[in-house]
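In: Predicted structure and sequence below. I'll ask about it afterward.
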There are 2 protein chains.
Amino acid sequence: MNGHYEQCFPGVWRITLGTPDQLTPHFFFGDRESSRLSEKSEQPLPWPKEKIRWENRKNGFLVTLPLSAGERLYGLGLQFGSYLQNGRRKTLRANADAPKDTGDSHAPVPFYVSTAGYGVLADTAKNVTFDCGAVKKADTVSRLPSAGKGAAATTEELYQEELRSQEVNIFVPGAQGLTLYLFADETMRGVVERYNLFSGGGAMPPAWGLGALYRCYTHASQDQAESLIRELAEENIPVSMIGLEPGWHSHAYSCSFRWSPERYPNPDRLIQLAEEKGMNLNLWEQCYVHPTSDIYEQMQAHAGDFEVWNGLVPDYGDPEARKIYSEMQGRLIDQGVRGFKLDECDGSDYTGGWFYPEFSQFPSGLTGEEMKNMFGALGQRAVNQAFADRGLRTFSEVRANWSYAAPMGFVLYSDLYDHRQFIRAVSNASFCGLLWSPEVRQCGSAAELIRRMQSAALSPMMVINSWMIPSPPWKQYDIEKNLAGELLPDSQLEDQCRELIRLRNRFFPYLYAAFAKYAREGTPPFRAMALDYPDDPAFAEADDCYFMGDSLLVAPILNEGTKREVPLPPGVWYDFWTEQPIQGGRTITAETHQIPLYVRQGTALALGGGEPVHGGDVIPLEIRLYGTRSGDVLLIEDDRETLNYQQGEQRWTTLSLRDGKALPQTLEGYSVDSVRVIL
Amino acid sequence: MNGHYEQCFPGVWRITLGTPDQLTPHFFFGDRESSRLSEKSEQPLPWPKEKIRWENRKNGFLVTLPLSAGERLYGLGLQFGSYLQNGRRKTLRANADAPKDTGDSHAPVPFYVSTAGYGVLADTAKNVTFDCGAVKKADTVSRLPSAGKGAAATTEELYQEELRSQEVNIFVPGAQGLTLYLFADETMRGVVERYNLFSGGGAMPPAWGLGALYRCYTHASQDQAESLIRELAEENIPVSMIGLEPGWHSHAYSCSFRWSPERYPNPDRLIQLAEEKGMNLNLWEQCYVHPTSDIYEQMQAHAGDFEVWNGLVPDYGDPEARKIYSEMQGRLIDQGVRGFKLDECDGSDYTGGWFYPEFSQFPSGLTGEEMKNMFGALGQRAVNQAFADRGLRTFSEVRANWSYAAPMGFVLYSDLYDHRQFIRAVSNASFCGLLWSPEVRQCGSAAELIRRMQSAALSPMMVINSWMIPSPPWKQYDIEKNLAGELLPDSQLEDQCRELIRLRNRFFPYLYAAFAKYAREGTPPFRAMALDYPDDPAFAEADDCYFMGDSLLVAPILNEGTKREVPLPPGVWYDFWTEQPIQGGRTITAETHQIPLYVRQGTALALGGGEPVHGGDVIPLEIRLYGTRSGDVLLIEDDRETLNYQQGEQRWTTLSLRDGKALPQTLEGYSVDSVRVIL
């Protein structure tokens, strides 16, 4: 009983066990074209076929996989509470209000990777449990050396005594089979790359998506939103995206998807103003369809049998529902909208009425449980299709995800707000094809605002979400005072925040190249340290810092204080701010008001200007050579906003620096302003 | 399709829908003899038979029950987070670490009662969901009046807009049928009484069980435990039970169930000393069987396939496992042990290893999911059987329960510690045949210690759980200082705590009668206000005070302050402390250092002495007549410790007071010391 192994691509196998469900994530999102994956190296199976066991249990399907001593496991999606998964049991379930580290999350992903160079994707949308060596079979434990030991009288002592079994158990409740996808590579990072390519490759944002997104106050009228746009422009706050919250709808929650004639009488004027000021419009929405929506009648035959906030729940498992939704979105895109924020698609235990129950039924055959877990993933596809139909990229927001997420130009966010967890999530997202935004909202102090702005600036999407405050947080970070119009007297905080948005914009050439690698090679643009140093125990639990691209290590300082420990990888690193070299391979103490940021020796780093980047802009490059007089910079040249890059209309240009000077090179959209050697 | 209705007793119907599971709570705990129930009044069905709908869904079985406007629902077990269940969705699941108000609990019970005079028991051990009018069917909501309203931009506004559907949905995942038991009565309290009688009637504690239980420091050796027993006796702290924590075992966790030869070389001496000082011994244990236990080998064939803390998980669904366990317990009882504390039988999301997974399998056919939910209930039965075999009652502790709990002499406790939730739990327990102990542990201040001692003194079981501190909390309530031996200089706190334990003991005659009614009539001895005043909206959400017996209203003050609001029922009430009459039917403000306690006008309250009560003691009664010169006192006369009362060896004697004097009456175990009229 070895299961049915089938090689899909080099180093990628489909393992069919029992009788798997039909309506799985792979059914909806899988089987993407992947010529890149076809070119990858062949790999041996990471374990002998007979090492997998499985059985039908009365309440579901159980698969047992091997786990070697010393192997470390990561992944399972956007886990806020933990990083290393060994010894943990997680039941994955979409839940906006995940209260503990039990597997509930905005974006759980039934995929884990091992430092031994493989990854396992369980192709299910059910509330699947992954037991990563936590449970112990009854027939083995009594033979363990500790069996006869004395009393352990407190729980602390128990933790000392803990034993880990050497197996992973995957349990799918109510299933009679399971398809696994197994990925192998020489490195753990290579495993993730293969998984991302298998998903369809990473998302390629439009240029404006790599700037900053400012979300307006939820009660803002059109006049107020326009005033804010003008104010940001006048004060040289260089944001590239402006977001409207629920109030733009004539009805929300649930959504009419129609402009409110009272609050937003002239949306075209608003969109034009934003465009003039270099900002793309992003609209908040939920997927729940209010009776006053134009698509309500059409959707009635393609919806679940329970409502949310008096609105229909579209059956996104049904292509017709996705089409109706996508066409409606298309009309907004045609009006000039360039991004959406898909809110509350992530299940909630908050109150009974905030989500459809798991016992909902959908015409496509999906259960409420399956739909809950895939709702964000399916909703994104419906929205994304509207952009794709117009040949446009987007860089939108979404509050839920599941497997096969990489190709979607959507960044995750949440209503949670623990800064430490937000940073951990940047790392955890990178194991599973996710992008995560540690957005800035209210703050308890000016120091916290700056620390959060720093983290946001060096994350997949920089979001300042002022939905609760009419004036920007740098004018008043305290909610109550902001609401009362009591603004701070001086502009020092605004200056600091402006500089952080400019910093974000300056990294555009570097980030755009990192995302191009994500799209083409599957390499996560923001990465957990364990992905690049899987074998080094120093980084096994380093979940408070991460790589941005290949050359930069970001180590945010949380809300208070100016100091932190940073586990610096081997080699020489340069402090981005002081430009001093630091010997790595050890933990250092950073002390700074800036965000600790380190550049790998040998890097040729190309920084752009502080303004947002648009399609035809020529970016003035400041190139810094760290600890070297020569190096190469990858520059991505394309139209920066359409999907034409997918048809090959994208050039990867290597700009070479020799002896502190740029070699002659024809560049499109970039110009070399300066080269500086830092030794 | 009306379902199969079958009347089991007057006002009790079995409704069989679809193909129910076999191994349900009723299979294990149901079909108790109930002559009392046979004598109850006939009742009409609370709804027309066709009002129930049900269907097989892909992922489970869904039953839909009617819910009238204005009907209020309570129950679902030991819900810490809420009281009134309307508009809530709860998925019941045994979980020691219930993080939110989603249904997880130590003792969820798939039973709810309605102010309309009926109760519904879902006979399942699965993770059943009760949606109490929270969800709305998709085909109805678009017709509601609010459908066309304008935007609600914030969540606050949404709460204003909320709508409740008028149905209850019960969903059993993975099931293909469900048996419901429907209970009807003129009153909601009567419904609960029928449910408790259907369960086998309420628990009758031995006399010593109604005193106070002091649990020793977990690291206490026999010498230290004996010193503590002597110290308590010398200082006249009148506790009737002394508990040992894990350290008495030669191995825990998991358990050997054998005395540690190092720490407890002479248990008989310890037990004898305790007996001499009037204390019964209670031993901590888990149900997990360590390899060094005498019953390990026997249990191997009767255990689940995953271990917990390196110990076997007995398959309590298998009578043989219960027998092995029960016989082992019997040997401890024969040694003199009179109670147990069944710890960690309540499932945990704490870490992977703290509980067996839901995908466990048991030889009896129970799944891990079913076993998790029934584990505490089944474990209690195994322990209880050992007492029953010896004709003894017990009053023990347990950390988990499920349906049909009433007959078990076990009180629930937990590792949670929110005082407000602890008080709510006293009320919620009463809807579902549960008893709950708001035990006292560490405290942040002397005031908090007193407030918690007060609540404990007037609860189903008074427990001072000093497992974390070597000296009693009244000598030092701060853990660190207690551990360091830094005791408080004066004995004022000790005096106050002693008085509270004495207060507890003084209520023995009253509480013993309340428990006798629980055993015979099913009337909860501690009761939610809504049970006695279901139709009065003033008490619909009054979950911070409760009735003790029929005549006393307990309204604890939480940790800080000396004031609180008390919703006083109609009629005249007497302040227990000042003895002043207060007009009820309104909310009053209590301000006192005592625990606010009110006596119903017309009550003849018999108080005993401050010492613990044992079998042959003659209790000197102080009888107080509140607002009357005449009245009756129910006194229960039996041996106070054996099960002979079940064979009729219990006399319910009415002592009549007329014109401020007791009429002549032969009493066994009581003597009238004084009668006092309070006008």
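Out: Happy to help now that I have it.
In: Now do A:A400 against A:G379, distance only.
Out: Separation of A:A400 from A:G379 (C-beta to C-beta, to the nearest Å): 8 Å. To be clear about C-beta, it is placed using only N, CA and C from the backbone, and glycine gets the same treatment.
In: Need the overlap of contacts for the two.
Out: Common neighbours of A:A400 and A:G379 (criterion: C-beta atoms under 8 Å, 6 or more residues apart in numbering or on different chains): A:L342, A:C345.
In: Of these two, which one has the most company?
Out: For A:A400 versus A:G379, the count of surrounding residues by other C-beta atoms under 10 Å in any protein chain shown is larger for A:A400: 31 against 25.
In: wait, what's in contact with the more buried one?
Out: By C-beta under 8 Å, 6+ apart, the neighbours of A:A400 are A:94, A:96, A:106-107, A:342, A:345-347, A:375-377, A:379, A:412.
In: what pLDDT does it get?
Out: A:A400 is assigned a predicted lDDT (pLDDT) of 97.
In: Also the one 3 residues further on?
Out: Looking at A:S403, its pLDDT stands at 98.
In: My guess is it contacts A:Y112. True?
Out: No. Using C-beta atoms under 8 Å, A:S403 makes no contact with A:Y112, being 11.5 Å away.
In: Between these two, which has more neighbouring residues?
Out: Set side by side, A:S403 and A:Y112 show more neighbours around A:S403, with 32 against 25, by other C-beta under 10 Å.
In: Run through the stretch 301-450 of chain A and note the low-pLDDT ranges.
Out: Applying pLDDT under 70 to the stretch 301-450 of chain A flags residues A:349-353.
In: on that earlier part again, so of the contacts of A:A400, which two are at opposite extremes in space?
Out: A:A96 and A:A377 (15.0 Å; C-beta to C-beta).
In: And those two? Which one has more around it.
Out: Taking neighbours as other C-beta under 10 Å, A:A96 and A:A377 compare with A:A377 leading, 26 against 22.
In: got the domain boundaries for chain A?
Out: Domains of chain A are assigned by automatic domain parsing as A:4-199, A:207-511, A:545-679.
In: closest to B:T587 out of those?
Out: Closest approach to B:T587 among these (C-beta to C-beta): domain A:207-511, 27.0 Å.
In: And the residue in the stretch 101-250 of chain A positioned nearest to chain B, its phi and psi?
Out: At 2.5 Å from chain B, A:A134 is the closest residue in the stretch 101-250 of chain A, using C-beta to the nearest C-beta. With angles defined as degrees, to the nearest 10, A:A134 sits at phi -90, psi -40.
In: isn't it right next to A:R89, touching?
Out: Yes. With contacts defined as C-beta under 8 Å, A:A134 counts as touching A:R89 at a distance of 4.6 Å.
In: list the buried ones in stretch A:236-249?
Out: By 16 or more other C-beta atoms under 10 Å in any protein chain shown, the buried positions in stretch A:236-249 come out as A:237-249.
In: distance between the ends of it?
Out: 29 Å (C-alpha to C-alpha, to the nearest Å).
In: Briefly note if stretch A:65-82 comes near chain B.
Out: No. In terms of C-beta under 8 Å from any C-beta of the partner chain, no part of stretch A:65-82 sits within range of chain B; the closest distance is 10.1 Å.
In: So which of the domains of chain A is the most surrounded?
Out: Mean neighbour count, computed with mean count of other C-beta atoms under 10 Å in any protein chain shown, is highest for domain A:207-511 among the domains of chain A, reaching a mean of 22.
In: can you give me the end-to-end distance of that domain?
Out: This stretch, domain A:207-511, spans 10 Å end to end (C-alpha to C-alpha).
In: Which phi and psi values does the closest residue to chain B within the stretch 501-650 of chain A adopt?
Out: Closest residue of the stretch 501-650 of chain A to chain B, C-beta to the nearest C-beta: A:E541 (15.7 Å). Main-chain torsions, A:E541, degrees, to the nearest 10: phi -130, psi 20.
In: Name the SS class of A:A590, please.
Out: Classification of A:A590 by DSSP: H, G, I helix; E, B strand; the rest coil places it in strand.
In: er, A:E6 I mean
Out: strand.
In: measure it to A:T16 for me?
Out: 7 Å.
In: show me the contacts for A:N644.
Out: Taking C-beta under 8 Å, 6+ apart as the criterion, A:N644 is in contact with A:G391, A:D638, A:Q650.
In: hang on, it in a helix?
Out: Yes. Checked against three-state DSSP, A:N644 lies within a helix.
In: hmm, back to that, quickly check the buried residues of stretch A:236-249 for the two that are furthest apart.
Out: A:P238 and A:H249 (28.6 Å).
In: so where's chain A uncertain?
Out: For chain A (pLDDT under 70), the answer is A:1-2, A:139-165, A:349-353.
In: what are the phi and psi values for the residue most central in space within it?
Out: Nearest to the mean C-alpha position of chain A, counting by C-alpha atoms, centre = their mean, stands A:L435 at 1.4 Å. With angles defined as degrees, to the nearest 10, A:L435 sits at phi -120, psi 140.
In: Contacts only, for it.
Out: Going by C-beta under 8 Å, 6+ apart, A:L435 touches A:A203, A:F410, A:V411, A:L412, A:A429, A:P460, A:M461, A:P525, A:F526.
In: State the distance from it to A:F526.
Out: Counting by C-beta to C-beta, the gap from A:L435 to A:F526 is 7 Å.
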